[in-house]
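Asks: sequence below, structure please.
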Amino acid sequence: MTQKNQNYRYVLVAVAVCLMATGTMGLPNAYGVFYTPMSEALQAGRGAVTLHFSLSNLTIGLFTPVIAYSLSHGHKMRNVLMVAMALIIGSGVAIALAPNTMIMDIAAVVRGIGFAAVSMLVITLYIGNWFVKGRGTLTGLALSGSGIGSAIASPIVTACIEKFGYHLAYLGFVGFTIQTIVPVMLLCPLTPQEVFS
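Replies: Numbering: from 1, shown residues only. The predicted structure follows:
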């Protein structure tokens, strides 16, 4: 592989990982715009609605070591990401269409398992495996992407909720998140050795 192609691959990984950070860490920070319309539609208190997001975050924390263990024992990153995307899509549809908060809470646990495989652990693994120089800078860029994603998403999602209702807006929210994971899954092996050896 020529030096130009190698450089291209490194740039591709950097961009894909930053995009995934934006979609998987930034967009969820804008999730609060759904609380009021969800609580009104389900005739439940905001606390009952926000509980499912807390459950999702708790599950991410609990399952992140499971993902680390899985990857350290030979499971392919692409397969882990495929399962994660299926869990995120399934739970996203369930949350968007949930008739009550109990269904949302159950789906949130599934969502958390999926997000554990696309969260900070995986992002830092990619950066650590692919980059020696500029590792700190790229980590900072990825984290700033998560903040930028939140800032951009909040007004857009709010406008979508007003125009289409929270059900469709939430499905779109999930769809965009999935689009930020796909480039990493399809184009980025977890280590450069998988490409250059």
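Asks: check contacts around the closest residue in space to N100 that isn't next to it in sequence.
Replies: The shortest distance from N100 to any residue other than its chain neighbours is 6.2 Å, reached at L42 (CB to CB, 6 or more residues apart in numbering). The way it works is simple: take the backbone N, C-alpha and C, and place the C-beta from them, glycine included. When contacts are counted by CB atoms under 8 Å, 6 or more residues apart in numbering, L42 touches 48-49, 98-101.
Asks: I'd say S91 and A107 touch.
Replies: Yes: counting by CB atoms under 8 Å, a contact exists between S91 and A107, whose distance comes to 4.3 Å.
Asks: how near is the most centrally placed residue in the chain to R9?
Replies: Relative to the mean C-alpha position of the chain, the nearest C-alpha, by CA atoms, centre = their mean, is the one of T24, at 2.4 Å. As judged by CB to CB, to the nearest Å, T24 and R9 stand 22 Å apart.
Asks: next, the buried residues of stretch 101-121.
Replies: Buried positions in stretch 101-121, judged by neighbour count with 16 or more other CB atoms under 10 Å: 101, 104-121.
Asks: mind saving the C-alpha coords of it as CSV?
Replies: The C-alpha atoms that make up stretch 101-121 are tabulated as CSV, following Å, rounded to 0.1, in the frame of the first residue of the first chain:
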residue,chain,number,x,y,z
THR,A,101,-43.2,4.6,30.5
MET,A,102,-42.6,0.9,31.5
ILE,A,103,-42.0,0.0,27.9
MET,A,104,-39.7,2.9,27.6
ASP,A,105,-37.7,1.8,30.7
ILE,A,106,-37.2,-1.7,29.3
ALA,A,107,-36.2,-0.4,25.9
ALA,A,108,-33.8,2.0,27.6
VAL,A,109,-31.9,-0.9,29.1
VAL,A,110,-31.5,-2.4,25.6
ARG,A,111,-30.5,1.0,24.3
GLY,A,112,-27.8,1.3,26.9
ILE,A,113,-26.4,-2.1,25.9
GLY,A,114,-26.2,-0.9,22.3
PHE,A,115,-24.6,2.5,23.2
ALA,A,116,-22.0,0.8,25.4
ALA,A,117,-20.5,-0.5,22.2
VAL,A,118,-20.3,2.9,20.5
SER,A,119,-19.4,5.1,23.4
MET,A,120,-16.2,6.6,24.7
LEU,A,121,-14.5,3.2,25.2
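Asks: pLDDT on that stretch, on average?
Replies: Averaged across stretch 101-121, the pLDDT comes to 94.
Asks: tell me which element the closest residue to F164 other than its chain neighbours falls in.
Replies: Spatial nearest neighbour of F164, excluding adjacent residues (CB to CB, 6+ apart): G172 at 7.8 Å. Take DSSP states H and E as the rule and G172 turns out to sit in helix 166-187.
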